[in-house]
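[1] Build me a structure from this.
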Amino acid sequence: PAFEVIWGEPSSAFIDDSVRWAQTIHPDDRTRIMDALDRVALGEVVVQEYRIIRPDGSVRWIRHTSFPIPDDQGRVRRSGGIAQDITRHEGSVVYVVDADDASRQDLVLLLQGAGYDVKAFASARTFLGMASALMAGCVVLDAGSPAAGEIMLPQQLKARGIALPVIVVGAANDVGLAVRAMKTGASDWLGKPYGTSEMLASVASAMAAIRGATEADSALRQAQARIAGMSPREREVLQGLLAGGTNKTIARTLGISPRTVELHRAHVMERLGARTLPEAVLIAAAAGLKP
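    The predicted model follows:
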């Protein structure tokens, strides 16, 4: 179940198919990881970090400990692995996009001083080339540079399905630029010169929104994983409960005894981690189930 939550596909799809598993690894990391597995085959324990690309296009960071499994004669016939999802979901990374070296450096120092992990880019084009593989965070874009099209960055991210909020910085007296920035989907606008507190407040607000979205996504994935682990009969009973059925009416519909329904109902509640029926309904609804 944990594999499916992280990789977005059931583990059964990869059994005895190392080629397909390798294809989930980010192309920039694939050769390094496959070389590491060759070392494991020679008896070495290897710890590596790499990215995987899920079917929906999102990227996860994995820390993988690979180890050899020797047979009775000490020959390595198989290998094992422990994979941990180390993706930064808390949204603590700030991506600074600014063509001016001095301005970019000042902003990086300000944000690092506030405790953020900061990555800097000299142009929107460079940033967009890597955006799909970046961890959760927000973008601070200085639109005051002469580079054409910088202001369109929020719109371009949205078009690619990349959920990175963008704070746009520009001249305080340029009302037209501010309006364009908000129309392209910027999460906030700051006029230069801005105060330190203004910048940090804007970034904190963007981070709070990221955490809220991440928590909602986590709750959805957990609910879906719990329901996916149910037996077909348990899911039928759950559907009956969502439709407002009682033990007797569900039993009549499924052609089983009310006592059997009661046992399945207890298992459903246990799997969902719910103490009451309304709580179970809320969890099921969060997973997308409808009566």
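
[2] tell me which residues in stretch 101-120 are buried?
    103, 104, 107, 108, 110, 111, 116, 118, 119, 120 (16 or more other Cβ atoms under 10 Å). In short, each C-beta sits where N, CA and C put it, glycine included.

[3] Figure out how far that stretch is from the centre of its chain.
    Here the centre of stretch 101-120 is set off from its chain's centre by 24 Å, with Cα atoms, centre = their mean, to the nearest Å.

[4] wait, which of the buried residues of stretch 101-120 is closest to residue 271?
    residue 116 (39.0 Å; Cβ to Cβ).

[5] nearest residue to the closest one other than its sequence neighbours?
    Closest residue to residue 116 apart from its sequence neighbours, by Cβ to Cβ, 6 or more residues apart in numbering: residue 94 at 4.7 Å.

[6] how about the strands of the protein, start to end?
    Along the chain, the stretches classed as strands by DSSP state E are 46-53, 59-70, 76-85, 93-97, 117-121, 137-142, 166-171, 188-192.

[7] what's next to the third one, contact-wise?
    Outside of strand 76-85, the residues within contact range by Cβ atoms under 8 Å, 6 or more residues apart in numbering are 3, 6, 37, 40-43, 60-71.

[8] Just the buried subset of those, written out for ChimeraX, thanks.
    Selection of buried members from the contacts of strand 76-85 for ChimeraX, criterion 16+ other Cβ under 10 Å:
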select :6,37,40,60,61,62,64,66,68
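
[9] hmm, which two among the buried residues of stretch 101-120 are most spread apart?
    103 and 116 (17.1 Å).

[10] So which helix or strand of the chain has the lowest pLDDT on average?
    One helix or strand of the chain scores below all others by mean pLDDT, DSSP states H and E: helix 196-228, with a mean of 74.

[11] Dump the strands of the chain into JSON lines; add distance to residue 246 as well.
    Below are these laid out as JSON lines (distance: least, Cβ to Cβ, whole Å):
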{"stretch": "strand 46-53", "distance to residue 246": "45"}
{"stretch": "strand 59-70", "distance to residue 246": "42"}
{"stretch": "strand 76-85", "distance to residue 246": "41"}
{"stretch": "strand 93-97", "distance to residue 246": "51"}
{"stretch": "strand 117-121", "distance to residue 246": "53"}
{"stretch": "strand 137-142", "distance to residue 246": "49"}
{"stretch": "strand 166-171", "distance to residue 246": "52"}
{"stretch": "strand 188-192", "distance to residue 246": "51"}
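
[12] quick one, which of the ones you listed is nearest to residue 19?
    Nearest of these to residue 19, taken as Cβ to Cβ: strand 46-53 at 14.7 Å.

[13] How about residues contacting that closest one?
    6-7, 24-26, 28-29, 32-33, 36-37, 39-40, 59-67, 86, 133.

[14] in that strand, what's buried?
    Result for strand 46-53 [16+ other Cβ under 10 Å]: buried residues 46, 48, 50, 51, 52, 53.

[15] nearest to residue 274, of those?
    residue 52 (31.4 Å).

[16] Now do the phi/psi pair for the closest residue to the closest one other than its chain neighbours.
    Leaving aside its sequence neighbours, residue 52 sits nearest to residue 24 (Cβ to Cβ, 6+ apart; 4.8 Å). When read as degrees, to the nearest 10, the backbone of residue 24 gives phi -80, psi -20.

[17] show me what contacts residue 24?
    Residue 24 touches 7, 9, 52, 53, 54, counting by Cβ under 8 Å, 6+ apart.

[18] swap in residue 158?
    residue 185.

[19] how about a cut-off of 10 Å?
    164, 166, 184, 185 (Cβ atoms under 10 Å, 6 or more residues apart in numbering).

[20] Check the gap between residue 210 and residue 83 for me.
    24 Å (Cβ to Cβ, to the nearest Å).

[21] Neighbour count: these two, which is higher?
    residue 210 (22 against 17; other Cβ atoms under 10 Å).

[22] so the more buried one makes contact with residue 139?
    No: with contact defined as Cβ atoms under 10 Å, residue 210 does not count as touching residue 139 (11.3 Å).

[23] what touches both of these two?
    Joint contacts of residue 210 and residue 139 (Cβ under 10 Å, 6+ apart) are 93, 164, 165, 187.

[24] got a pLDDT number for the last one?
    So that's residue 187. Looking at residue 187, its pLDDT is 87.

[25] and what of the second one?
    Listed pLDDT for residue 164 reads 87.

[26] with the contacts of residue 158 in mind, which one is nearest to residue 273?
    residue 164 (32.1 Å).

[27] neighbours around the closest one, how many?
    With other Cβ under 10 Å as criterion, residue 164 counts 23.

[28] This completes my enquiry, with thanks.
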